[in-house]
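Colleague: Sequence first, then the predicted structure:
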Amino acid sequence: MSDQDSNRDNHETPEPQDELPVEAEASEAEEVDVMPDDGAAETSEEVDETPEAEIERLTKLNEEYLDGWQRARADFVNYKKRIEREQREAYRRAAGDILTRYLGIVDDLERALKDRPTEGDPGNWADGVELIYRKLRSVLEAEGVEIIDALGQPFDPNLHEAISHEDSDEQPAGYVIDVVQQGYRMGDQVLRPALVRVAK
């Protein structure tokens, strides 16, 4: 055997030794790769929800939906009530503006009744005027219009308008002693304050 052949053999012999560690590393790598797969499978199994957990989740979701629906329904009911209240207030204001025009007629009729004739037979005249007055008052009352109670009451600037302050033996100071012109209200809305004389 030549020196070259022996050298060739010497060089060829280590090659299998170099490959063994690579195969060992590959084998270890394969084993390492298998472990995460097993772990992932176990994690996936743990994530899977049980029927009880699914029922609990759906129950909570249903409660959230129900709560949202109840809130929306309450908001709608409040909105509906507010609209109805605003419509009533708008009607009352409009009706008040219209009915205020008739108050002057009521004043004229009241004055006519106070100045009814005392001589002769004024019965027919007075009865006719009083009938008209009553009809007009009934129309106003049907719309919710009422006379503001003033005579003998404490003066209230929200309801009364004082045209004078006078000495009085009949009423204490600050009380209404005479009503010059009737005041009218419709609910809480004052259509016209009463013109009054107040004791001082």
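Modeller: Yep, it's here.
Colleague: Look up how far residue 84 lies from the residue nearest in space to the middle of the chain.
Modeller: Geometric centre of the chain, nearest residue: residue 78, 4.6 Å, by C-alpha atoms, centre = their mean. Residue 78 is 11 Å from residue 84, where distance means C-beta to C-beta, to the nearest Å. Every C-beta, even on glycine, is put in place using the N, C-alpha and C of the backbone.
Colleague: from memory residue 200 sits against residue 165, does it?
Modeller: Yes. Residue 200 is in contact with residue 165 according to C-beta atoms under 8 Å; the separation is 4.1 Å.
Colleague: three-state assignment of the residue nearest to the centre of the chain?
Modeller: Three-state call for residue 78 (DSSP: H, G, I helix; E, B strand; the rest coil): helix.
Colleague: In what element of secondary structure is residue 88 found?
Modeller: helix 51-100 (DSSP states H and E).
Colleague: Report the next helix or strand after that helix in sequence order.
Modeller: helix 103-114.
Colleague: Would you tell me what the next helix or strand after that following helix is?
Modeller: Next element after helix 103-114 (DSSP H and E): helix 123-142.
Colleague: Check which residues of that following helix are buried.
Modeller: In terms of neighbour count (16 or more other C-beta atoms under 10 Å), helix 123-142 has its buried residues at 129, 133, 137, 140.
Colleague: Model confidence score at the third one, please.
Modeller: I take that to be residue 137. If you check residue 137, the pLDDT there is 85.
Colleague: The first one too?
Modeller: Reading off the per-residue confidence, residue 129 sits at a pLDDT of 84.
Colleague: what about it, distance to residue 143?
Modeller: 22 Å.
Colleague: what's the answer for the second one, then?
Modeller: Distance of residue 133 to residue 143, computed by C-beta to C-beta: 16 Å.
Colleague: tally of neighbours for residue 190?
Modeller: Residue 190 has 16 neighbours, counted by other C-beta atoms under 10 Å.
Colleague: Let me know the secondary structure of it.
Modeller: strand.
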